[in-house]
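S.K.: coordinates for the following, if possible.
(3 chains)
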Amino acid sequence: MPYLERDGDVFVLYLGNEGQTDNENRFHPDWIDAFHGLLDEVEASEGPAALVTVATGKFYSNGLDTDWLFANFDRNCWYLDRVHSLYTRLLTFPMATVAAVNGHAFGAGAMLATSHDFRVMRADRGFWCLPEVHLGMPFTVAMNALVTGRLANQVAVEAMTTGRRYSADDAIAAGIVDAKADADKVLATAIERAAGLAGNRKPNLPVIKKALHGRTLEGLAVETTPENLKFAP
Amino acid sequence: MPYLERDGDVFVLYLGNEGQTDNENRFHPDWIDAFHGLLDEVEASEGPAALVTVATGKFYSNGLDTDWLFANFDRNCWYLDRVHSLYTRLLTFPMATVAAVNGHAFGAGAMLATSHDFRVMRADRGFWCLPEVHLGMPFTVAMNALVTGRLANQVAVEAMTTGRRYSADDAIAAGIVDAKADADKVLATAIERAAGLAGNRKPNLPVIKKALHGRTLEGLAVETTPENLKFAP
Amino acid sequence: MPYLERDGDVFVLYLGNEGQTDNENRFHPDWIDAFHGLLDEVEASEGPAALVTVATGKFYSNGLDTDWLFANFDRNCWYLDRVHSLYTRLLTFPMATVAAVNGHAFGAGAMLATSHDFRVMRADRGFWCLPEVHLGMPFTVAMNALVTGRLANQVAVEAMTTGRRYSADDAIAAGIVDAKADADKVLATAIERAAGLAGNRKPNLPVIKKALHGRTLEGLAVETTPENLKFAP
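M.R.: Numbering: from 1, shown residues only, chains lettered A, B, ... in the order given. Below you'll find the predicted structure:
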């Protein structure tokens, strides 16, 4: 389960279990509840603050908890909207947010990174990738809104229709991430970036974010239904 | 008239007459019908597949068949919507599409290239250009949606309001095309790119494309009328 | 007050008082009226023409006239909509427009530059900056539409939520400005760029601009009200 540490004004939210390095940090419904709970805790703080998310080991997040999803497929629309709630919350979070992408960010996990204000990615290993096209999966209305709202159209075409795996350099060139760092500097670089923005935690910041991402948030608010979750024409 | 060849999993659609190298490959109504007929043939195939379009000689396509248009100006709205049907079909085509831009791509021909997933452009000669501003022409609602939906806003400003002629290097810098190749390698480079994506031909691909280009497709679906085809304020 | 000079086909609109070099060129209501009056004069001309705006000294424009605004806060919505009228007019101006950003362009002044077709920025000094986040201010619906419509989403995130001050090199890398020039060449470079586009002054140009910026103009047309001018959640 995710847990929280603090480094000065920066809250560091770890996506995986403490001490574990092989966790894929997939979004089990309980994980999503815990993540929101930690964000509640961060929001309950006062004064300058910023948020960094990170994981330990090889993965940032592999996204959907497919084990849970296939065992509970009758609840797939409910589940997907719970995942979307992570994106909406991060996009509008009332302080600066930085993803320290320490390893693979795939599918819904890549989108989690993309929901932060900024991303620092490990330079030597790990990919940002939307593999849905290879898995026979569509994007939900909400996920489509997030990716197309955040990335340039041609980048969205490549990411969504080819399933390209972007290294840090590729992702910087495409505008998917903002910076890279050596493996042992990813978290420190993200914290430094976040710390420099902690003073911007003011009442107007979430207002600015909501307006800025207005169209994306409209798409994220569309409830997933069997009708709009199309796998084939 | 356009014709079709096949290279492994890649369908190569030639825009011009076989053996002819000076054809401007403009969109006569019969040409549009033939183009759609060839795409029907490609779609009727089964298994992995991708599409490349290319021409021989100096031109990729000069776009509108102005000879036919001026001789049939009472049918201009009908004609323009037939041209738009090419863009809509390519944007949502159920396999990867790559334009091998072997030479000049002007006006509606430039937009044809822009309707593909990817573009490889001849490095040493040829321009991608929207000359409408110099010709006293507007863009249709549909064409405006295509160009502004596919390109960054500032690139659209320059392309649409200045009529700039983009060489391959210029077009790559602006995000208008994705790669360049020597004249004798343009087609092979496009085929290689397409072949690598042929396996993505699955039922979810057109679903992904339609969602990704949702807003652009809304604009492309607006019927051209004398009222919305404005040449002057 | 702003004044007008002419260099061949290029109208040069100075934002500040003649002979004065320390003017911040803020938008007093009378200044806005005078600016519109000068644009009327430019529009009344015939034949090839283009527009350059520039100032002398350290500032291009610092934007809102906060002295006037705080003394007349009951008229803040009216005032902000008067400022928005500058952006709408420039975005749709019936000839090419180039901002010669000779110095600081802050807040509503940065947005004035962003409302031109193109921007040339002084290379060695001066910043393009949206300081609203630091000032506890929101963006109006109109300003949000302008910035998010003109800039890539991630650039808007950085500019609007961090208040980053972009030097010319930073602004070029972010796609905020198009070119830079030495301090004594900024105006000449902008005039040269504008002169090359003066021949595009034809009836179709404003039609093209209005369509191209359609969604941005919709946002700019939203009247500011106490309800939509939110400073806090």
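
S.K.: what's A:Gly19 in contact with, if anything?
M.R.: Applying C-beta atoms under 8 Å, 6 or more residues apart in numbering or on different chains to A:Gly19 gives the contacts A:Thr56. Quick note: C-beta positions are derived from backbone N, CA and C, even for glycine.

S.K.: report pLDDT for it.
M.R.: pLDDT for A:Gly19: 77.

S.K.: gap between it and B:Tyr87?
M.R.: According to C-beta to C-beta, to the nearest Å, A:Gly19 and B:Tyr87 sit 54 Å apart.

S.K.: enumerate the residues of chain A near chain B.
M.R.: Proximity of chain A to chain B, by C-beta under 8 Å from any C-beta of the partner chain, involves residues A:132-134, A:136-139, A:141, A:144, A:147-148, A:152-154, A:156-158, A:160-163, A:230-233.

S.K.: thought A:Ala55 was touching A:Tyr14?
M.R.: Yes: using C-beta atoms under 8 Å, A:Ala55 makes contact with A:Tyr14 at a distance of 6.3 Å.

S.K.: between those two, which is the more surrounded one?
M.R.: Legend: neighbour count by other C-beta atoms under 10 Å in any protein chain shown for A:Ala55 and A:Tyr14, higher for A:Ala55 (28 against 23).

S.K.: which residues touch that one?
M.R.: By C-beta under 8 Å, 6+ apart, the residues touching A:Ala55 are A:Tyr14, A:Leu15, A:Gly16, A:Asn23, A:Asn25, A:Ser61, A:Asn102, A:Gly103.

S.K.: mind listing the helices for chain A?
M.R.: A:29-43, A:66-71, A:76-91, A:108-114, A:132-135, A:141-150, A:153-162, A:168-174, A:186-195, A:204-212, A:214-220 (DSSP state H).

S.K.: save the ones you listed as a markdown table, and put in distance to C:Ala198 and mean pLDDT too.
M.R.: Compiled in a markdown table, the helices of chain A are given as follows (distance: least, C-beta to C-beta, whole Å; pLDDT from 0 to 100):
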| stretch | distance to C:Ala198 | mean pLDDT |
| --- | --- | --- |
| helix A:29-43 | 55 | 98 |
| helix A:66-71 | 60 | 96 |
| helix A:76-91 | 43 | 98 |
| helix A:108-114 | 43 | 98 |
| helix A:132-135 | 47 | 96 |
| helix A:141-150 | 37 | 98 |
| helix A:153-162 | 32 | 98 |
| helix A:168-174 | 36 | 98 |
| helix A:186-195 | 45 | 98 |
| helix A:204-212 | 36 | 98 |
| helix A:214-220 | 36 | 98 |
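
S.K.: looking at these, which is closest to chain C?
M.R.: Closest to chain C of those is helix A:204-212 (C-beta to the nearest C-beta; 4.3 Å).

S.K.: what about the closest one, near chain C?
M.R.: Yes: shown here: helix A:204-212 in contact with chain C (C-beta under 8 Å from any C-beta) through A:Asn204, A:Leu205, A:Pro206, A:Val207, A:Ile208, A:Lys209, A:Ala211, A:Leu212.

S.K.: what about the residue in chain A positioned nearest to chain C, neighbour count?
M.R.: For chain A, the residue closest to chain C is A:Pro203, as judged by C-beta to the nearest C-beta, at 3.6 Å. Counted with other C-beta under 10 Å, residues neighbouring A:Pro203 total 13.

S.K.: try A:Lys209
M.R.: 24.

S.K.: give me the number of residues near the residue nearest to A:Thr225 when sequence neighbours are not counted?
M.R.: Nearest residue to A:Thr225 in three dimensions, chain neighbours excluded: A:Cys77, at 6.0 Å (C-beta to C-beta, 6 or more residues apart in numbering or on different chains). Neighbourhood size, A:Cys77 [other C-beta under 10 Å]: 16.
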